[in-house]
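> next one to model:
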Amino acid sequence: MNGEQNKEEDLDENNLGNLRSSSNSTTSSVSCRSSSICTTSVLRKQQQINRRRAFFQDDVIVTPNNNNTNHLSTNDDNQQILTTNNDNDEITNEENSTGLTNNNEENQTNKPFKRKVVSFSTMPFEKKVADVCDCLRYMQEGSDFLKVRSYARQFRRLYKLNDTLTAISWYPTSKKPSKATITIDSIKEIRLGKTTERLREYTHQFQNESLFSIIYTNGSNQYVSLDLVASSADEANIWVTGLSCLISGQGTAPSTADFEDRQQMRDRWLRDAFAVGIPTLTNEPEQINPDENRPVTNTNTNSIDEEEAVRLLIDYGISEDKAKVRLQEIQASKPEDARGYFTTNELINVFKELSTRPEIYHLLVRYSRNQDFLSTEDLTLFLEAEQGMSKITSEKCTEIIQEFEPSTEAKLLGHLGIDGFTNYLLSPECDIFNPNNRSVCQEMDHPLNHYFIASSHNTFLLADQLKGPSSVDGFIHALMRGCRCLELHCFDGVDGQPLIHNGTLTSRIPLNEALEAINNYAFETSSYPLILCIELQCSVSQQERVAQLFIDIFGDKIFLDHLTTDINTLSNEYRPLPTPNDLRGKIIIKSKKLPPSFSNEINKEYGEITDDEDCYEDNRRRSKKDMSSKRHRRLALAFSDLVTLLRSAPFEDFETSFNEQQSGQVCAFSENAGLRLATSDAEEFVNYNKRFLSRISPGTWRVDSSNLNPQDFWNVGCQMVSMNYQTAGKFMDVYFGRFLSNGGCGYVLKPTYLRYDNAAAAAAASSSIVSGRLSTNLYSSNTPQILHIKVISALHLPKPEQAELKTNSVDPYVVVQIFGVPRDCDEVRTKTVYHNWESPQFNEAFEFEIAFPELALVRFVVLDDESLDYDFIGQYTLPFDCIQPGYRHIHLYTIGGDLIANAYLFVHIVINSKSLAVKPRRSLSRYRRSLLRRKLRVAAFRPVNHRQIDDLFKSVVQPLETAFEYRHAVEQSLCELNEMCGLPDISNVKQCVRKIAGRLQKANLVGAVTIRNQSDIPIFEYSTTLPELSRQSVVALEEVINRCRALVDNGSVIHKKLFGVQAEVCELSKDIPKLLEANGLRGKKFTKAIDNFSYNLALLHGQTDLLNKAKQDANVTIRQILEAAETTHLLVQSE
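Prediction:
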């Protein structure tokens, strides 16, 4: 930048600073009153500037500075992306940057949970966007943006689009008017988000959604970027959409008429529909009739009255309140003699204004080819690049268009307009829940103890535990919600009929009525086994009556496999439990059972069992004296014979259980006891639950029937966590969310690290040492996932239904909660949008690192910030594994689990693996040191003090480090590809291929680059020299392919080596205690060697799995490149 330009800019710098200097220099020559007036004027102007700054960013503090800042050095206004030229005459310096403090508070996870945040969506500048013309009109009015150059140099400017739609300009500026302009034909790309180096480095305090960059060529034909910060995501989207449409004109100067023509097809459909006065169904073709002079049932030609107009708008999805308000506004603007009726054009405009959702329109424009509709090719790109679908055919796209597009003309042409696109995004196909999990999709041939089982506590109760009502409706409700384990307490009743109650003041219900209800609904929602946990407090005669009722009502449904029971009872050998498939349609009775020795006694109808508590309490440590003084009670033989597969047993400690407990014995734990074990003895508790079933009951202090947090017990593998189904709330939502997967059958397969893969592994764990240490789960094989959630908007939110203090409006905000292992748990919230519950815009993105995705659940909650007593609006909870990526609608549910009609959240989901390719934040040397440390950790084996075993582990150190390098190279190349394509870090390879194809198309170089498929390997062919942007992105894509191929080819050799060593080590593990003892290890040294061996084996197994998964991902990446190349017409088949 030359000195003359700097001088011009200094003269045009902050006028407020000049005013202060002038005021300070004349203070001695003016009166006190004049000085006061001048000071007041200065302060008033400073306050105005502060308000404007706060308007753009509520967490930026502006500090007045009376010092002259004209001496600050300046740099170029725009970032030169590809080349650097310090003599660029068109890029001149701007005014002094606004003084901003770098608070770096963009991370919403650090914000207080209940903090209210101003919503820009309610600001005066917000305008409803129905088409691109609205965007252009808004751009012509001008927008205040913050131009980013560095932390300390950020300028506020007013940017406007000129009347001829040929250039954008900004002011104030020291440039000549002809220089402070960017012509539309010089703009090459519009990027939304932090996609340039400057934005990634200097905008940590801003939301990603409000940033965008304009990439254009200067007078020297060099690529430079103009990096801007909008006041809101809405404003940024308007400019990105408008500029994208302007630069896609294929070299011709667009006009306003050209953009108005984009809506003609939609206008014809709406004109015909509203002129007829009868709604046209989506699946019924309507006649296309441009004639508006149709007879209507009123005195005005071609118009209808307000009542009919409201009805029409409601039939087309507009809420009644919104329709009435908008129509009344139109009425008020008319003269009195013209009120009462509405023309077709007025109804069309009302419909377009109220039905067009800007966030969906911006998305449609982003994927369309300069039109307000998606062709079949555009729709294919959207489904594959954004929605995570693959191998989408034109027939599939045609089916979508035929099903969701309301216009017959659009259907015939194969176009999906904004209304059809909105209908599709609201359909079940775009639900966040993966439809594959709506049916049974998991293996059901594992033992019962390998599954989480939906369980109920005191199922018969409808309210509290002390004096609430009991009813058969409790059983029906639980069974219809997928419960597979019910609890019944049986007591003596009058006339020999047993009753069910809680032993307190709760009401009584006859046992036979409860069993009849259970029999009728047992397999309504699931065909897999139903477990009945029976607590008998009856006399022997009524116990026999209980047994008879079970036989009479359930009949053949009762599982009575005496052979399995006898073998399992008389033998100490561990035998796996049957599988859910083996027990389909069966009812399993779980209770106490007479000891095996009782069968030798003759002519006895009952026996004696210990009258101890089934539930292991936290504050009880039973000594031998306590064991010897136990009371006994009688148990009828008839009932004992029904308890065949699962039977109650007391829990002593883990060592006793590993040595003595049988697979069919089920121990119950109180909430406090289970939490203590899960916290202090988590490893042993996990190993225990790999072999046996455990049942957790809510604490006895929960007399109000509140619920525990089931996630605490799922984390250690507890199968049956009992819940009070009658009490709705957060933890019940989490519980139902867990069992949404696998078809809602009530059985969910536990992750591999919480179960044994086969019976041999379980049998090998019979030793207390091996079970407690050697069988430690292989957590290191788990790959952390990064979950990106952008909460875009909501739709048709109701008012809090249980609020006693009603308000006239709703101020919604969204809370996103992660439930899982402690390190994964998180909770964030969006800003509050005031007085908007029909279509609030949030546009906030969050990122979560999920270390154990198989255990994680995600809960979306919408709350009301205005409510005085009850703020819950709706929620939805689902397992992490069931989330579909892409743009998804979330249908909200009430606190009681009922669907809320037409209430949705609109979100964007991206899931990817945690990358090894972390860019250096401070210095390249520190980044390299960090990378080296991670590389060394992948093979950080510990000494076992056995030469043969240690040598085996040492032999795989080099292969593991090499595998890490290949994995890192692939991930680094993917990051570089996103940067070269100007896309966010979370973009996938299909989006990159689409961007490359778009660049070639805009440069009229279609066919200049082709990809040939040779044995499923993409091979690039060039026919001409490419522009710099296209060349860099194509080279980066080639590098991704080469590194993926290197990983696949060399990874196979490394994997074979690792797998062979792993097999040898596993073979040695069978005799590891003997080998170590023979080596002279005793006591603590022996224990430490066992621990080190277990750690090394887990590390080796985990790294082998990671390499195998990386190979699979590399193959998927290559396949996705081929699929995207075919969709974008870059692919040519080999001859």
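> distance check, residue 677 against residue 689.
According to Cβ to Cβ, to the nearest Å, residue 677 stands 10 Å off from residue 689. Every residue, glycine included, has its C-beta placed from N, CA and C.
> overlap in contacts, these two.
residue 716 (Cβ atoms under 8 Å, 6 or more residues apart in numbering).
> number of nearby residues for the residue lying closest to residue 839 once chain neighbours are set aside?
The shortest distance from residue 839 to any non-neighbouring residue, by Cβ to Cβ, 6 or more residues apart in numbering, is to residue 795 (5.8 Å). Neighbourhood size, residue 795 [other Cβ atoms under 10 Å]: 19.
> what does residue 257 give?
Using other Cβ under 10 Å, residue 257 is surrounded by 8 other residues.
> same question, residue 178
9.
> in three-state terms, label it for me.
coil (DSSP: H, G, I helix; E, B strand; the rest coil).
> and the helices in the stretch 851-1000 of the chain?
924-937, 947-954, 957-981, 989-1002 (DSSP state H, counting those that start in this stretch).
> among these, which is nearest residue 1125?
With Cβ to Cβ as the criterion, residue 1125 lies closest to helix 989-1002 of these, at 6.0 Å.
> show me the contact partners of that closest one.
For helix 989-1002, contacts defined as Cβ under 8 Å, 6+ apart pick out 188-189, 247-248, 381, 384-386, 974, 977-978, 981-983, 1006, 1008-1009, 1026-1027, 1029-1030, 1033-1034, 1037, 1040, 1117, 1120-1121, 1123-1125, 1127-1130.
> which one's the longest strand in this protein?
Using DSSP state E, we find that the single longest strand of the chain is strand 899-913.
> quick check: buried residues in that one?
Going by neighbour count (16 or more other Cβ atoms under 10 Å), the buried part of strand 899-913 is 900, 903-913.
> how about the contacts made by residue 421?
Residues near residue 421 by Cβ under 8 Å, 6+ apart: 360, 363-364, 374, 404.
> if we use 10 Å, what do you get?
357, 360-361, 363-364, 367-368, 372-374, 379, 382, 400-401, 404-405 (Cβ atoms under 10 Å, 6 or more residues apart in numbering).
> among the residues you listed, who's most crowded?
Of all these, the most densely surrounded is residue 374 (31 neighbours; neighbours counted as other Cβ under 10 Å).
> and the next helix or strand past the longest helix belonging to the chain?
In the chain, assigned by DSSP state H, the helix with the most residues is helix 1083-1127. Using DSSP states H and E, the helix or strand that follows helix 1083-1127 in sequence is strand 1131-1133.
> quick one: list the elements packing against that following strand.
Counting contacts by 3 or more Cβ pairs under 10 Å, 6 or more residues apart in numbering; DSSP states H and E, strand 1131-1133 packs against strand 1009-1014, strand 1017-1022, helix 1083-1127.
> what's the angle between the longest strand of the chain and helix 957-981?
Angle, strand 899-913 to helix 957-981, by axes from the mean of the first three to the mean of the last three Cα atoms, to 10 degrees: 120 degrees.
> average pLDDT for strand 899-913?
Strand 899-913 shows an average pLDDT of 92 in the prediction.
> got the CA positions of it in PDB?
The C-alpha coordinates for strand 899-913 follow below in PDB (Å, rounded to 0.1, in the frame of the first residue of the first chain):
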ATOM      1  CA  LEU A 899     -47.000 -36.800  19.500                       C
ATOM      2  CA  ILE A 900     -47.500 -33.100  19.100                       C
ATOM      3  CA  ALA A 901     -49.300 -32.500  15.800                       C
ATOM      4  CA  ASN A 902     -47.300 -30.500  13.300                       C
ATOM      5  CA  ALA A 903     -44.600 -29.400  15.800                       C
ATOM      6  CA  TYR A 904     -41.100 -29.800  14.500                       C
ATOM      7  CA  LEU A 905     -37.500 -28.900  14.900                       C
ATOM      8  CA  PHE A 906     -35.400 -28.400  11.700                       C
ATOM      9  CA  VAL A 907     -31.800 -29.400  12.200                       C
ATOM     10  CA  HIS A 908     -28.700 -30.300  10.200                       C
ATOM     11  CA  ILE A 909     -26.700 -33.300  11.300                       C
ATOM     12  CA  VAL A 910     -23.100 -34.200  10.400                       C
ATOM     13  CA  ILE A 911     -21.300 -37.200  11.900                       C
ATOM     14  CA  ASN A 912     -17.700 -38.000  11.300                       C
ATOM     15  CA  SER A 913     -14.800 -39.700  13.000                       C
END
